[in-house]
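**Q** what follows is a predicted protein model with its sequence.
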Protein chains: 2
Amino acid sequence: MSMLYDGAIQDLIEEFNKLPGVGPKSAQRLAFHVLQADPDDVSALAQALVEVKRRVRYCETCGNVAERELCAICEDARRDGSIICIVEEPKDVMAIERTREFRGLYHVLGGAIDPMRGIGPDQLRIRELLGRLQSDQIEELVIATNPNVEGEATATYLTRLLLPLGVTVSRLASGLPVGGDLEYADEVTLGRAFEGRRVLTA
Amino acid sequence: MSMLYDGAIQDLIEEFNKLPGVGPKSAQRLAFHVLQADPDDVSALAQALVEVKRRVRYCETCGNVAERELCAICEDARRDGSIICIVEEPKDVMAIERTREFRGLYHVLGGAIDPMRGIGPDQLRIRELLGRLQSDQIEELVIATNPNVEGEATATYLTRLLLPLGVTVSRLASGLPVGGDLEYADEVTLGRAFEGRRVLTA
């Protein structure tokens, strides 16, 4: 998109366009929204951007986003320290927290094993996980990496590494999504659903 | 989406979520992108937001975005001042400029007549347009409002208002989009294409 606006609006369009998933048309729409928006809302957004870079860091224990040494979950004494859920990214922590099913702690790896992009076990926070296993009273590790190639590779690697340490290792169930249609399930998911079928009792 | 992150990242997610077309998932993805992005890129975006509110205003003549009294187009002495293209929004100016077909000036109405949203002729920059007609040497007005209900209503209103003033009034052609498929054209567009058909000469 050529340079047709005067400086500031063109700059803003270009900056929006750099964000993931924001194409030239959306960038233009966002910039014109900003132009017409309440000045307070715009400074709030600008301020929030600056504050995130200034204040947010990663939890020294679990690798989740935090504003102090520890994240809100690691700081919470009511959480069950005997079970740790291993995820790829901080946003996975948020997804699991939304279920309200899990009351343990987390360990954020910072990604998944992906040889194509040069990410091996050494690039993930696995050493920190082994450190926690030595010092804490951990009974179970739930591997909750994504159910894709990289996530599965990471889960396999972690299982082989962790099982010999005498801790219970589990993996989130694969199967049919709730509300989904059996007819439209892909073969791998349907295969997993069979594999993980549960015997019902009267 | 409940408050699960610590302050700053949650604030940023909420601010992104206020932008048009950015839902909770996209807002979260953008916020985590910002967290991992180059600090210089993030301050550039924050700065661009502030600068747009500080520097950008509307051209006193045509209503396009500008950083001085006049926009870059009105300031350009090489543009043809005898023909004015009437559009709804500054982004329509940009769309027409991209075609490189038009070398005249613009008049931005700031919207279209839309009684459902309480926008009548008085809310648009029509008085300013009449002012320009008195002082400038204008020969033709090209109405380029959107080909939807509001744009058509605005075009009809403007035509009735402007024709008695003795100026040539034209309207952008409606018809089949170039590269489109006749089979998939809607009835109204196809009807317009018939209506506006051109007699070919050998």
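**A** Sure thing, it's come through. Everything numeric in this text was worked out from a predicted model, so none of it was measured. Numbering: from 1, shown residues only, chains lettered A, B, ... in the order given.

**Q** can you give me the end-to-end span of stretch A:180-193?
**A** One end of stretch A:180-193 to the other measures 12 Å (C-alpha to C-alpha, to the nearest Å).

**Q** what mean pLDDT does the top strand by length along chain A get?
**A** Selection of the longest strand in chain A by residue count, based on DSSP state E, yields strand A:80-87. Mean pLDDT, strand A:80-87: 94.

**Q** same thing with stretch A:163-176?
**A** Average pLDDT, stretch A:163-176: 86.

**Q** mind listing what's buried along the next helix-or-strand element following the longest strand of chain A?
**A** Moving toward the C-terminus from strand A:80-87, the next helix or strand (DSSP states H and E) is helix A:90-99. Within helix A:90-99, the residues that count as buried by 16 or more other C-beta atoms under 10 Å in any protein chain shown are A:90-94, A:96-97. Placement of C-beta: from N, CA and C, glycine included.

**Q** same question, stretch A:156-170
**A** Per 16+ other C-beta under 10 Å, stretch A:156-170 contains these buried residues: A:157-158, A:162, A:169.

**Q** follow-up on the earlier one: among the buried residues of helix A:90-99, which are in reach of chain B?
**A** A:90-91, A:93-94, A:97 (C-beta under 8 Å from any C-beta of the partner chain).

**Q** dump the C-alpha coordinates for the longest strand of chain A into PDB.
**A** Extracted in PDB, the C-alpha atoms of strand A:80-87 (Å, rounded to 0.1, in the frame of the first residue of the first chain):
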ATOM      1  CA  ASP A  80      -1.800 -27.800  45.400                       C
ATOM      2  CA  GLY A  81       2.000 -28.100  45.100                       C
ATOM      3  CA  SER A  82       2.000 -31.900  44.600                       C
ATOM      4  CA  ILE A  83       0.800 -31.700  41.000                       C
ATOM      5  CA  ILE A  84       2.300 -29.700  38.200                       C
ATOM      6  CA  CYS A  85       0.800 -29.200  34.700                       C
ATOM      7  CA  ILE A  86       3.400 -28.800  32.000                       C
ATOM      8  CA  VAL A  87       2.400 -26.500  29.100                       C
END
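
**Q** that one packs against which elements?
**A** Packing partners of strand A:80-87 (3 or more C-beta pairs under 8 Å, 6 or more residues apart in numbering or on different chains; DSSP states H and E): helix A:90-99, strand A:104-108, helix A:126-135, strand A:140-143.

**Q** these: which one's closest to A:A185?
**A** When the helices and strands packed on strand A:80-87 are ranked by distance to A:A185, counting by C-beta to C-beta, first place goes to helix A:90-99 at 20.8 Å.

**Q** got the CA positions of that closest one in PDB?
**A** Extracted as PDB, the C-alpha positions of helix A:90-99 are listed here (Å, rounded to 0.1, in the frame of the first residue of the first chain):
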ATOM      1  CA  PRO A  90       1.600 -18.800  29.200                       C
ATOM      2  CA  LYS A  91      -1.600 -18.600  27.100                       C
ATOM      3  CA  ASP A  92      -2.000 -22.400  27.700                       C
ATOM      4  CA  VAL A  93      -2.000 -21.700  31.500                       C
ATOM      5  CA  MET A  94      -4.900 -19.200  30.900                       C
ATOM      6  CA  ALA A  95      -6.800 -21.800  28.800                       C
ATOM      7  CA  ILE A  96      -6.500 -24.400  31.600                       C
ATOM      8  CA  GLU A  97      -7.400 -21.900  34.300                       C
ATOM      9  CA  ARG A  98     -10.600 -21.100  32.500                       C
ATOM     10  CA  THR A  99     -11.700 -24.700  33.000                       C
END
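
**Q** between it and strand A:104-108, how big is the angle?
**A** Comparing the axes of helix A:90-99 and strand A:104-108 via axes from the mean of the first three to the mean of the last three C-alpha atoms, to 10 degrees yields an angle of 160 degrees.

**Q** per-residue confidence at A:A202?
**A** A:A202 carries a pLDDT value of 63.

**Q** repeat for A:R100
**A** 83.

**Q** buried ones in the lengthiest helix in chain A?
**A** Longest helix in chain A by number of residues, with DSSP state H as the criterion: helix A:39-55. Along helix A:39-55, the positions that meet the burial threshold by neighbour count (16+ other C-beta under 10 Å) are A:42, A:44-53.

**Q** now do stretch A:96-109
**A** For stretch A:96-109, by 16+ other C-beta under 10 Å, it's A:96-97, A:102, A:104-109.

**Q** now do stretch A:118-134
**A** A:119, A:124-126, A:128-129, A:132-133.

**Q** mind checking if it is in reach of chain B?
**A** No: figure legend: stretch A:118-134 not in contact with chain B (C-beta under 8 Å from any C-beta); closest approach 14.1 Å.

**Q** ends of that stretch, how far apart?
**A** 29 Å.

**Q** same thing with stretch A:115-129?
**A** 21 Å.

**Q** so which residues make contact with it?
**A** Contact partners of stretch A:115-129, identified using C-beta atoms under 8 Å, 6 or more residues apart in numbering or on different chains, comprise A:63, A:84, A:86, A:107-113, A:154, A:157-158, A:161.

**Q** and with 6 Å instead?
**A** Contact partners of stretch A:115-129, identified using C-beta atoms under 6 Å, 6 or more residues apart in numbering or on different chains, comprise A:63, A:107, A:109-111.

**Q** same check, this time on stretch A:138-146
**A** With C-beta under 6 Å, 6+ apart as the test, stretch A:138-146 has contacts from A:82-88, A:112, A:151, A:154-155, A:158, A:162, A:167-172.

**Q** which parts of it are buried?
**A** Across stretch A:138-146, burial judged by 16+ other C-beta under 10 Å covers A:138, A:141-146.

**Q** could you check how far A:L19 is from B:Q123?
**A** In this structure, A:L19 lies at 33 Å from B:Q123, with C-beta to C-beta, to the nearest Å as the measure.

**Q** and A:R68, helix, strand or coil?
**A** In terms of secondary structure, A:R68 is coil; the call rests on DSSP: H, G, I helix; E, B strand; the rest coil.

**Q** list the buried residues in stretch A:61-70.
**A** Buried, per 16+ other C-beta under 10 Å, within stretch A:61-70: A:61-67.

**Q** list just the nearest of those residues to chain B.
**A** Within the set of the buried residues of stretch A:61-70, A:E67 lies nearest chain B; the separation is 4.4 Å, counting by C-beta to the nearest C-beta.
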